[in-house]
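Trainee: Following is a predicted model, sequence given first.
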Amino acid sequence: MDMNVLYNVPHEIPLTIVIASYFYMVGLHAGCSLLSIGATLTGKKEYKPIAKIGAIGVIILFSTAPILLIIDLGQPLRFWYLMVRGNPTSPLTWGSFFLCSYPVTTTIYIISLFKGNMKYAKIFGAISLPLAIGVHAYTGFVLSMGISRVAWSTSLMPIYFLSSAMVSGIALMTIIGIIRHWTRNRQESWADTHEKEVDYGLLINLTRLAGVFMILNLFIVFTEQVNMHFESEEAIEAAKMMLTGHLSKMYAIFDLGLGNLLPVLAMAIPGVNKNLKVWLVLMVFALIGVYIMRYTVTVGSQFLPIM
């Protein structure tokens, strides 16, 4: 008699919510850093508030993000292992290099920025720029090389992570900027001044910049969904899980819908696209959406059994 025996073998989920939170914090920090450095390198006076707000965000976020990574190691005291036993073909080795070199150049950049030494701020800002990109891009490469997970194994993953990082960084700085704008607006000395108009215009420009990266995010997701629907059965199941399965309420609604599509649509509505109260809410949605994206892509993709 023929007999078929089926085994349901549970697979460990190696990347937990701690790593997803680390990816989010590093991305948030990278977005703030790139905006701060970019504002400094332009040399425009009206961009100085952006540069300084971003620099403060870098200090706070980057001082806490590595703690999550060390905690997730299981044996935190062995974090130095990647530094002494490096592998140039491993994104983790490159990540260790970026995590060690980036704080040095960025610290000099931030000190120079707040001291008003714009010459050194621009020099070390330019040096820190590729390192800031590398600090977060390597996390996308870590996932893209996980070939056993079809939702990860795509060359677009590093770009997707960087693009969503810019959205979160811009969203955070816009929220802080709006609160700062309203606080200063209560000061009589700041009422009806040219500086007030410039500050308002800067905030609107930030929302436009966020919109560019939101459109890029939507295009990346669309591209990946199309590709996965024409690949293996596992790829089709992964695609369905993200948009119509048990992850859809988190990913499709909160990230793609409220975090990306809604702000893009708001830009096309006259009056709404220049309302700071509306953008305060939309930028909060964007922050939440990016975190949901980090969780669903990193942790949620592991819910699908390896075939």
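Mentor: Happy to help now that I have it.

Trainee: where in the stretch 201-307 of the chain is pLDDT low?
Mentor: 305-307 (pLDDT under 70).

Trainee: Buried ones in the strand or helix carrying L262, by neighbour count?
Mentor: Take DSSP states H and E as the rule and L262 turns out to sit in helix 262-267. Along helix 262-267, these residues count as buried under the neighbour rule (16 or more other CB atoms under 10 Å): L262, P263, V264, A266, M267. C-beta here means a position set from N, CA and C on the backbone, and glycine is covered the same way.

Trainee: Distance check, the third one against V18.
Mentor: Looking back up the chat, that one is V264. Taking CB to CB, to the nearest Å as the measure, V264 falls 31 Å from V18.

Trainee: residues in contact with the closest residue in space to V299 that isn't next to it in sequence?
Mentor: Distances taken as CB to CB, 6 or more residues apart in numbering place A20 nearest to V299, at 5.2 Å, with adjacent residues excluded. By CB atoms under 8 Å, 6 or more residues apart in numbering, A20 lies in contact with R294, Y295, T298, V299.

Trainee: one more time with 10 Å
Mentor: L68, D72, Y291, I292, M293, R294, Y295, T296, V297, T298, V299, G300 (CB atoms under 10 Å, 6 or more residues apart in numbering).

Trainee: Ok, M25 next?
Mentor: By CB under 10 Å, 6+ apart, the residues touching M25 are 60-62, 64-69, 136, 168, 291, 294.

Trainee: and if we set it to 8 Å?
Mentor: Counted by CB under 8 Å, 6+ apart, M25 has contacts L61, T64, A65, L68.

Trainee: repeat for T105
Mentor: Per CB under 8 Å, 6+ apart, neighbours of T105: F124, I127, S128, L131.

Trainee: hang on, the third one packs against S33?
Mentor: The reference is to S128. Yes: using CB atoms under 8 Å, S128 is in contact with S33, at 7.2 Å.

Trainee: ok, the two, which is more surrounded?
Mentor: Neighbours per residue (other CB atoms under 10 Å) separate S128 from S33, with S33 holding more: 30 against 26.

Trainee: Which element, helix or strand, includes A286?
Mentor: Using DSSP H and E, A286 falls in helix 276-298.

Trainee: what separates that helix from the chain centre, distance-wise?
Mentor: Remark: helix 276-298 is offset 10 Å from the chain centroid, using CA atoms, centre = their mean, to the nearest Å.

Trainee: Could you do stretch 197-209 as well?
Mentor: 21 Å.

Trainee: Kindly state the pLDDT recorded for the nearest residue to G134 once chain neighbours are set aside?
Mentor: Nearest residue to G134 in three dimensions, chain neighbours excluded: F98, at 4.2 Å (CB to CB, 6+ apart). Listed pLDDT for F98 reads 85.

Trainee: next SSE after the strand or helix carrying F98?
Mentor: Using DSSP H and E, the element containing F98 is helix 91-115. Counting by DSSP H and E, the next helix or strand C-terminal to helix 91-115 is helix 118-144.

Trainee: Show me what counts as buried in stretch 235-246.
Mentor: A235, E237, A238, A239, K240, M241, M242, G245.
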